[in-house]
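# what shape does this take:
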Amino acid sequence: MAVADPVNPFFRALSRFRQRRWDDAIDICTVLLEKNPRDQAAWFLKCRALTCKQWMDDVEIDEEGVADLLMDENAVAQAPRPGTSLNRPLTRADAAGGPSQVVRPVSASGRPLTGFARPGTNRPTTSSAGRDITTAMQGNRPGTSRPLTSMGRLVRLRTASMQ
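Modelled structure (predicted):
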């Protein structure tokens, strides 16, 4: 006594499709379409299986042939571009004792030269007395100078119109 297959044939075709067994899925869908030619799910699955079976990996197609390799116009230059080589000969500035391109030039105060003129920052102090905290707070008249931040935020809390 033969037992009928309890599995839905479309489900079996879908299972074969997921297992990438394209021929089995196509055969099962063909049998289903002979019974009912209007079964849209069977048509769709059969078309997808046929498409996946004939699919070609186009990554392999783009390989270059021998003629492409020989006639390649993208050649690498034999000599480096001027000024980019690490093993370059000494320039005239290096040979004449000029500034080295490796070390960044600094001013007399030790700050790097940027090429921009910034008034007041490039003048060194005349003596060490200006750097001392006890003499820094003294003005021209002794006992009258106080630090600029003694009033803090209270300098301008209101304008003249708010009296």
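# use CA for all of it now, contacts and neighbours both
Will do.
# for Met56, grab phi and psi.
Note on Met56: its backbone torsions stand at phi -120, psi 140 [degrees, to the nearest 10].
# er, Phe10 actually
phi -70, psi -40.
# try Leu113
Torsion angles, degrees, to the nearest 10, at Leu113: phi -80, psi 120.
# what bridges to the closest residue in space to it that isn't next to it in sequence?
The shortest distance from Leu113 to any non-neighbouring residue, by Cα to Cα, 6 or more residues apart in numbering, is to Val106 (5.2 Å). Beta-bridge pairing for Val106 (DSSP bridges): Pro112.
# for this structure, where's the lowest mean pLDDT among helices and strands?
helix 92-95 (a mean of 55; mean pLDDT, DSSP states H and E).
# what's the separation between Thr30 and Asp23?
10 Å (Cα to Cα, to the nearest Å).
# verify the contact between Trp22 and Trp55 for me.
No. Look at Trp22 against Trp55 with Cα atoms under 8 Å: they stay out of range, at 11.3 Å.
# show me where this structure has its strands.
In the chain, no segments count as strands under DSSP state E.
# low pLDDT regions in it?
1-4, 59-62, 64, 75, 85-102, 115-163 (pLDDT under 70).
# hmm, try it at 90
For the chain, the stretches flagged by pLDDT under 90 are 1-7, 55-163.
# now do the helices in it.
Ranges of helices in the chain, per DSSP state H, are 9-18, 22-35, 40-54, 66-70, 92-95, 133-136.
# now the second one: buried residues?
Just to be clear, that refers to helix 22-35. Trp22, Asp23, Asp24, Ala25, Ile26, Ile28, Cys29, Thr30, Leu32, Leu33 (16 or more other Cα atoms under 10 Å).
# what does it rub up against?
9-10, 12-14, 16-17, 39, 42-43, 45-46, 49-50, 52-53 (Cα atoms under 8 Å, 6 or more residues apart in numbering).
# may I see the ChimeraX selection of the buried members of the residues you listed?
Command for ChimeraX, covering only those of those found buried under the criterion 16+ other Cα under 10 Å:
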select :9,10,13,14,16,17,42,43,45,46,49
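# the contacts of helix 22-35: which two are farthest apart?
Asp39 and Lys53 (21.2 Å; Cα to Cα).
# returning to what we had before: and which of the buried residues of helix 22-35 is nearest Leu69?
Trp22 (38.1 Å).
# so the closest one versus Gln54, what's the distance?
From Trp22 to Gln54 the distance is 10 Å (Cα to Cα).
# with Arg21 instead?
13 Å.
# okay, these two: which has more neighbours?
Per other Cα atoms under 10 Å, whichever of Arg21 and Gln54 has more neighbours is Arg21, with 16 against 9.
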